[in-house]
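Novice: Sequence first, then the predicted structure:
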Amino acid sequence: MNAFTPNSRDPKDTHVAVLHGGISAEREVSLASGVQVIEALRQFGYQVTAIDVSADLAATIGALRAAAPDVVFNALHGRFGEDGCIQGVLDWMGLPYTHSGVRASALAMDKVAAKAVFRAAGLPVTPHKVVEMEELEAEDPMPRPFVVKPINEGSSVGVHILRSGDNRRAEIARSWRFGHQALVEEFIPGREITVGVMGDRALAVTDILADAGEFYDYESKYAEGGSRHVVPAAIDPGVYRKAMEVAVAAHQALGCRGATRSDFRYDDTGGEPGRLILLEVNTQPGLTPTSLLPEQAAHQGIGFPALCAWMVEQAAHGP
């Protein structure tokens, strides 16, 4: 089968249950992704059942049993949706599902574990450390500027950049709602770029220009007009190729399947070629009208319904 042409399942004979919503901080994003996916799959000819996932896991399991789908399309984002939890439930039920399995999902969602995997694979990561909230409240854990972020959240939820003269550190520590620890890493100036991967092939490099905030934060990602995406990115050709290679290597190092998206910082403030740093891999890339993976797929001539159908084709069990 061509890597980008779904053709082994007959859509009209395939029933897909789309899980969306969920109980994470990214519920609204997941609902938006789900709406797009449901419409796209129906356009492609699949039978589709939408399941709005709530805190009642038994209800979700009951809805899946009642639907008895051939495939589950996982359109959940954030905790319990892309961290291996729902993947484990689906494995238990014997239902093939889109995107990565339990192990890769859990590794990618844990930013500290993922960085350890990347470092072992020889991929470029930024200096970082895990700190207790008491440590952060008391003093700077590393020279400024640095970034404070939750260890297990997505969509830039809870991310703060602390620069020289910023007096929010103690306030951030006292109001932290993402556990007792945070990941602190060196802030890399320059550009935010991202690379989508389908299977074993990178799609493109996108240069992200955040207009709604100081970096590509939650509002920039999902608000209309929050950011501008330049694809293909106008960067040094060697760095462009390197970003594509690193994205595929990161996808493989974590053991991902289906589609992922790797986020980078590219420091070109001293001229090009600059310093390329891998931040993280998203195993459940957004599928909203402002999302990056669908844009990159379109750049390669893959329409949104075909992208979603390809994901259904890649659905599987396993780690």
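Specialist: Received, thanks. Numbers count the residues shown, from 1 in each chain.
Novice: rest of the way, CA atoms for contacts and neighbours
Specialist: OK.
Novice: surely residue 127 meets residue 187?
Specialist: No - at 9.1 Å, residue 127 does not count as touching residue 187 under the criterion of C-alpha atoms under 8 Å.
Novice: All the strands of the stretch 51-200 of the chain, residue numbers only.
Specialist: Using DSSP state E, counting those that start in this stretch, the strands assigned to the stretch 51-200 of the chain run over residues 71-74, 128-132, 146-149, 160-162, 181-186, 191-198.
Novice: which stretches of the stretch 1-150 of the chain form helices?
Specialist: Along the stretch 1-150 of the chain, counting by DSSP state H, counting those that start in this stretch, helices occupy 27-44, 57-67, 85-93, 102-109, 111-120, 133-138.
Novice: now for these, which one comes closest to residue 179?
Specialist: When the helices of the stretch 1-150 of the chain are compared by C-alpha to C-alpha, helix 133-138 sits nearest residue 179, at 8.7 Å.
Novice: that older thread, when residue 127 and residue 187 are compared, which one has more neighbours?
Specialist: Of the pair residue 127 and residue 187, residue 187 is the one with more neighbours under other C-alpha atoms under 10 Å, namely 19 against 13.
Novice: The more buried one reaches residue 148, doesn't it?
Specialist: No - counting by C-alpha under 8 Å, residue 187 stays clear of residue 148, with 9.3 Å between them.
Novice: Angles on the backbone of the residue lying closest to residue 119 once chain neighbours are set aside, please.
Specialist: If you skip the residues right next to it in sequence, residue 119 has residue 125 as its closest partner in space, 6.7 Å away by C-alpha to C-alpha, 6 or more residues apart in numbering. In this entry, residue 125 is assigned phi and psi values of phi -120, psi 160 (degrees, to the nearest 10).
Novice: what about residue 125, how many neighbours?
Specialist: 19.
Novice: Contacts only, for it.
Specialist: If a contact means C-alpha atoms under 8 Å, 6 or more residues apart in numbering, then residue 125 has 115, 118-119, 277-279 as its contacts.
Novice: now the residue nearest to the spatial centre of the chain, nearest residue through space, not along the chain?
Specialist: In the chain, the centroid-proximal residue (C-alpha atoms, centre = their mean) is residue 282; its distance is 2.4 Å. Counting by C-alpha to C-alpha, 6+ apart, residue 282 lies nearest to residue 261, which is 5.1 Å off, once chain neighbours are set aside.
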